[in-house]
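Peer 1: using only what follows, build the 3D model:
(one chain, ligands or ions: 1)
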Amino acid sequence: MTRTEYPGHTAARSRYALELREVVKVHGHGDTSVTALDRVALGIPRGTFTAVMGPSGSGKSTLLHCAAGLDRPTSGSVVLDGRELSGLDETALTRLRRDRMGFVFQSFNLVPTLTVEQNVTLPLEFAGRRADRHTVRTLLTRLGLGERMDRLPAELSGGQQQRVAIARALLSRPAVVFADEPTGALDTQAARDVLDILREAVTASDQTIVMVTHDPVAASYADTVVFFADGRIAGTMSRPTADAVAARMAQLAAVSQAQPAGSAR
Ligand SMILES: Nc1ncnc2c1ncn2[C@@H]1O[C@H](COP(=O)(O)OP(=O)(O)OP(=O)(O)O)[C@@H](O)[C@H]1O
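Peer 2: This next block holds a predicted model:
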């Protein structure tokens, strides 16, 4: 099976922030086992924005968990920033996640008792490093939060809270930012602002973002959409438009209705 990679990029290893090599993930055992990922081969070039889409149960969350080392593949390997995750023990994995990965979730996951600035610098403090105040201020100003550094999360709108979470994810310039439905809890305008920020982090700052989403509009901000169906890559789309993504998703949903998601394979 060939690795799914994007046009214009060679297979040179250093180009990839993240590689999945023939990754299989089976949940459970025996008759009730489910193959959530079925020999997934994927290379995510550095400095690109990738959206991962697919019907419910197609394996998106499992992919994100295996890629971030939160779950171990049954077979195959994951290489993040040149490091193969299967060779790392839990301590090394935790360190790699802290130092080289950023996370943005639908539910923001901010610490309610800490200010915006404290939330943003928390991962660095856990790593025993001091955040440069000027860098933090510059980042927060770029994200429209320069005047709100001393506020608590409860004093901010949902969109502002998500921007704090994005600042937290970007501060250490991680190799990959994983975003799981980052606009799922936001209204249309706040969602657009968040997507603009993610897009700019890639275009202007060369960050690498992998975003799971159900929303074709959100996916249209990516360079490439990777479609999943039934634990396998069902195709990719470069320079996606929301309409083209929605049409492809409708096709996948029709196929998945014919073969119910979650059926044991
Ligand atoms: N811990 C688990 N134990 C057993 N089966 C699981 C487990 N986690 C996921 N699965 C199954 O693996 C398959 C893929 O699930 P996954 O959550 O990765 O899909 P998804 O595309 O993220 O779905 P959704 O869009 O609904 O979040 C599904 O059939 C699911 O029921």
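Peer 1: strands of this protein, residue ranges please.
Peer 2: For the chain, the strands defined by DSSP state E cover 16-27, 34-45, 49-53, 75-80, 83-84, 101-105, 176-180, 209-212, 224-229, 232-238.
Peer 1: Serialize the ones you listed to JSON lines and add fields for distance to residue 123.
Peer 2: Yep, even glycine has a C-beta here, placed from its N, CA and C like the rest. JSON lines is the format used below for the strands of the chain (distance: least, C-beta to C-beta, whole Å):
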{"stretch": "strand 16-27", "distance to residue 123": "18"}
{"stretch": "strand 34-45", "distance to residue 123": "22"}
{"stretch": "strand 49-53", "distance to residue 123": "22"}
{"stretch": "strand 75-80", "distance to residue 123": "16"}
{"stretch": "strand 83-84", "distance to residue 123": "18"}
{"stretch": "strand 101-105", "distance to residue 123": "8"}
{"stretch": "strand 176-180", "distance to residue 123": "12"}
{"stretch": "strand 209-212", "distance to residue 123": "17"}
{"stretch": "strand 224-229", "distance to residue 123": "27"}
{"stretch": "strand 232-238", "distance to residue 123": "31"}
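Peer 1: residue ranges with poor pLDDT in the stretch 151-265 of the chain?
Peer 2: Counting by pLDDT under 70, the ranges of the stretch 151-265 of the chain that qualify are 259-265.
Peer 1: ok, the spatially closest residue to residue 62 that is not a sequence neighbour to residue 164 distance?
Peer 2: Using C-beta to C-beta, 6 or more residues apart in numbering and skipping residues adjacent in sequence, the residue nearest residue 62 is residue 36, 4.0 Å away. Residue 36 sits 32 Å away from residue 164, going by C-beta to C-beta, to the nearest Å.
Peer 1: touching, the residue nearest to residue 62 and residue 65? I think so.
Peer 2: No: using C-beta atoms under 8 Å, residue 36 is not in contact with residue 65, being 9.3 Å away.
Peer 1: looking at the two, which is more packed in?
Peer 2: Using other C-beta atoms under 10 Å as the criterion, residue 36 and residue 65 rank with residue 36 on top: 27 against 18.
Peer 1: and that one, what's its pLDDT?
Peer 2: If you check residue 36, the pLDDT there is 97.
Peer 1: now for it: which residues touch it?
Peer 2: Contact analysis of residue 36 by C-beta atoms under 8 Å, 6 or more residues apart in numbering lists 25-27, 59, 62, 231.
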